[in-house]
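**Student:** How does the following fold in three dimensions:
(2 chains)
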Amino acid sequence: MTKRILIADDSGSIREMLAFVLTQAGYEVLSAQDGQEALDKAPSFGPHLIITDLNMPNLNGIELVKNLRGMTNFRFTPILVLTTEGQDEKKQAGKAAGATGWLVKPFKPEKLLAVVGKVLPN
Amino acid sequence: MENPTGLFREEAVELLTALEGYLLDLEKNPGNRELINDVFRALHTLKGSGAMFGFNDLAGFVHHIENVFDLVRKEELYLDRSLLNLTLEARDLMKFLIDPAAEVSPSSRRRMAELTETFSRLLPQKLTAGDQPKNISENQPVFHAAEKISGSKILYGISFAPHPEFFTSGNNPLNIIAELKSLGDLKVMVNSCLVPDLASLSPEKCYLDWRFELTSENDINAVKDVFMFVEDIADLKIEILKELQVAAANESAATDERAEISDVPCAAQAEEVFKPSFSADAVTDSTILAGIKVDAGKLEKLIGLLGELVTLQSRLSQAAENRGDSELIAISQELDALTGELRDNALKLSMLPIESIFARLERFGETESAALKRQVRFKFAGGDTELDKGVLSRLFEPLTFLIRFCIHNSHEDPASRIQKQKDPRCLISVSAWHSSGNVCVSVEDDGCLSQLSEEQGAVLERSQRIVEELRGSLEARLSPGRHSAFVIKLPLNLAIIEGLMISLADRLFVFPLSLVEECIELTLADQARHYNKNVVMVRGQIVPYISLREKFAVVGALPEVQQVVIINQNGRRVGFVVDQVVGEYQTVIKSWGKFCSHTPGITGATILGDGNIALIVDLPVLIEEEKNDSVSEGHS
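**Tutor:** Numbers count the residues shown, from 1 in each chain, chains lettered A, B, ... in the order given. As a prediction, this is how the structure comes out:
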């Protein structure tokens, strides 16, 4: 079964890169431009994994994670947050909100796939 | 990807335009929090995406400005007009850094350096020190995996106890186990002692903890990375138990094609012990030290002590399990592995190649045939097959009986042999080989069997009894007018066997594990489906079974689901119905004593960890008995 991944990032280029790499690797990908859009799209898309940026307009990543964890369907779904170098407190805040793990930007495609594989094995 | 760099550049131009807009708006509405957040986010994206798409100059330049705005955002720094102007100026310079055609002028470069300096001076010391954005960074999960230590393997002991709330992080212990498995050979032990009753069990909590033993070529960082996301939601201990080294390539490759993995400590120790004695004593004949003679009594004592140790170890594992103390379980498991290794090595000490009795057998045969004036020649094969010394010394007698039998009864005079195009001398061959946990020894001739005398029958029976005392079996292929053959099948060792413990009502029994093929469940419905004919279907094959309760006349309430232990004897599958399969058990066989040494179906007993006794079941005898019973039933 194809695994579905929902990505939330306000940067078009990051979204584009994530979607491209993940689609190539055989995942089904749906993009959202911010946390609110991701939250709206999640129930009908039913992702097996959510990858979200932290700084986004409307609803930021931390709030998105908290909201998702409050929904029955996503209580145990893996969620990766995208952080940048030296954002240890962000990482911690993400984990405290219920994120599964993190991915430090910038990253290469193979790193992205390795981290995805870590929390979402085939 | 449709030119990602181009995509980023388009986005960066948009971001810079937006950034300019926010900054100009801020001039009109100083301190507007929403605008400040917008500025921060634009800078953040420029830096993050920039670095990812290879715009490292841009990322480096934006880095400090972003940090400054982080402080502004948190109201730790006031955004005054001069800072706003500096930011606007920086924004203009950023344009050069995203334009591939633009040659950044030296004066612009200088100005960038000055601005970087100015912005970083606004930051608290700790934020600037060593906080440059790295290129593709180290602080990433999973990426040590490629670092292999060439030529050696490491045995890691890992204790992993997830906190009860583990699952709410979206992590899954199974993923972790799968990832560990990808690193090498993995032994997984799960501790389920903390799982509560169903009534008080919360399905969202994690009650299990694990102990892993991983043999991997990867270094410890790769192993740590597996647990990167769960460090703070689990108790974790990773230790290196042993470093295993593949035998030095230059030496072994040339001399020995079996480049085996050897234990470093052991190899080192062996060198310590043996090398000095060779050189210091200047012994020229190196064969002198190749082996030492040890008094058989000392060996027996050692094996006896080892048996006690194995029993004690079983007791320890059981106590540790019952207590659910994971530290104690870990220690007990390590000790278990060590005991097993010690046992295997010690048992090897008392093994001798069967070759060592071949010469004596030949001499015996020659004397015997000379006395009868019969021409016989001998052939021996499989001399390197090893047997327990005790077994070997007791095996000599029945073998001489069988050889004598062949010389006496398979005699043909040379003339008739020549007529049959055979060598005038009768050939007696003795061969030995290993066969699934057993040692087989055969004695065969190429003569022609005459009628059996009563006396010969008695000798055969005596051989049979000796072999059975050794827990082996003797199979004879005798038909008048044909050549004769005997096969003796013996267990590898007398003292300790791998057993499968099973229960009937509240009693425990042990099956020799070497005979066991598989275990399947048997319900009353299964039995009814086959009209209570005592057969089960296993993957389309009919397997007959024997009820051990019936055999041993054990009464008591039947469990709803019984187990059928299927054993394979000479290619035939037969099941034994038992109440429950308890598990594998290292069985130290205690001698049965004269009092009940002739109890059919029982070969001995073993003392369990808790002091109880379990009987060791003689499965082949039970099968034989059942066969005879059903044959006589058929006749009546």
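**Student:** who's in contact with the least confident helix or strand in chain A by mean pLDDT?
**Tutor:** For chain A, counting by mean pLDDT, DSSP states H and E, helix A:88-97 ranks last in confidence among helices and strands (a mean of 84). Applying CB atoms under 8 Å, 6 or more residues apart in numbering or on different chains, the contact partners of helix A:88-97 are A:Leu54, A:Gly61, A:Ile62, A:Glu63, A:Val65, A:Lys66, A:Arg69, A:Val81, A:Thr83, A:Trp102, B:Ser169, B:Asp232. C-beta: built from backbone N, CA, C; applies to glycine.
**Student:** Give the buried residues for it.
**Tutor:** Neighbour-count burial for helix A:88-97 flags A:Lys90, A:Lys91, A:Ala93, A:Gly94, A:Lys95, A:Ala97 (criterion: 16 or more other CB atoms under 10 Å in any protein chain shown).
**Student:** how about those in JSON lines, adding distance to B:His44?
**Tutor:** Shown next, in JSON lines, are these (distance: CB to CB, whole Å):
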{"residue": "A:Lys90", "distance to B:His44": "11"}
{"residue": "A:Lys91", "distance to B:His44": "15"}
{"residue": "A:Ala93", "distance to B:His44": "15"}
{"residue": "A:Gly94", "distance to B:His44": "15"}
{"residue": "A:Lys95", "distance to B:His44": "20"}
{"residue": "A:Ala97", "distance to B:His44": "19"}
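**Student:** Which single one of those residues is nearest to chain B?
**Tutor:** Comparing these against chain B with CB to the nearest CB picks out A:Lys95 as the nearest, at 7.0 Å.
**Student:** so how far is chain B from A:Thr2?
**Tutor:** In this view, A:Thr2 and chain B are 18 Å apart by CB to the nearest CB, to the nearest Å.
**Student:** thinking again about what came up before, narrow the contacts of helix A:88-97 to those that are buried.
**Tutor:** A:Leu54, A:Gly61, A:Ile62, A:Glu63, A:Val65, A:Arg69, A:Val81, A:Thr83, A:Trp102, B:Ser169.
**Student:** Which ones among the contacts of helix A:88-97 map onto strands?
**Tutor:** The members of these that map onto strands under DSSP state E are A:Val81, A:Thr83, A:Trp102.
**Student:** Now do the helices in the stretch 351-500 of chain B.
**Tutor:** B:355-371, B:389-409, B:414-419, B:454-469 (DSSP state H, counting those that start in this stretch).
**Student:** between the last one and helix B:389-409, how big is the angle?
**Tutor:** Right, the one you point to is helix B:454-469. Relative orientation of helix B:454-469 versus helix B:389-409 (axes from the mean of the first three to the mean of the last three CA atoms, to 10 degrees): 160 degrees.
**Student:** Just the pLDDT for B:Leu361.
**Tutor:** Per-residue pLDDT puts B:Leu361 at 90.
**Student:** if I pick it, what's in contact with it?
**Tutor:** Residues in contact with B:Leu361 (CB under 8 Å, 6+ apart) are B:Phe378, B:Phe380, B:Phe396, B:Leu399, B:Thr400, B:Ile403, B:Val430.
**Student:** Pick the most buried one from the helices of the stretch 351-500 of chain B.
**Tutor:** helix B:389-409 (a mean of 20; mean count of other CB atoms under 10 Å in any protein chain shown).
**Student:** Output the contacting helices and strands for that one.
**Tutor:** helix B:296-323, strand B:351-353, helix B:355-371, strand B:426-435, strand B:438-445, helix B:454-469, strand B:485-491 (3 or more CB pairs under 8 Å, 6 or more residues apart in numbering or on different chains; DSSP states H and E).
**Student:** Could you dump the buried ones among the contacts of helix A:88-97 into CSV with distance to B:Gly571 and pLDDT added?
**Tutor:** Compiled in CSV, these are given as follows (distance: CB to CB, whole Å; pLDDT from 0 to 100):
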residue, distance to B:Gly571, pLDDT
A:Leu54, 66, 88
A:Gly61, 64, 90
A:Ile62, 66, 91
A:Glu63, 68, 92
A:Val65, 61, 93
A:Arg69, 58, 92
A:Val81, 60, 93
A:Thr83, 63, 84
A:Trp102, 58, 90
B:Ser169, 53, 89
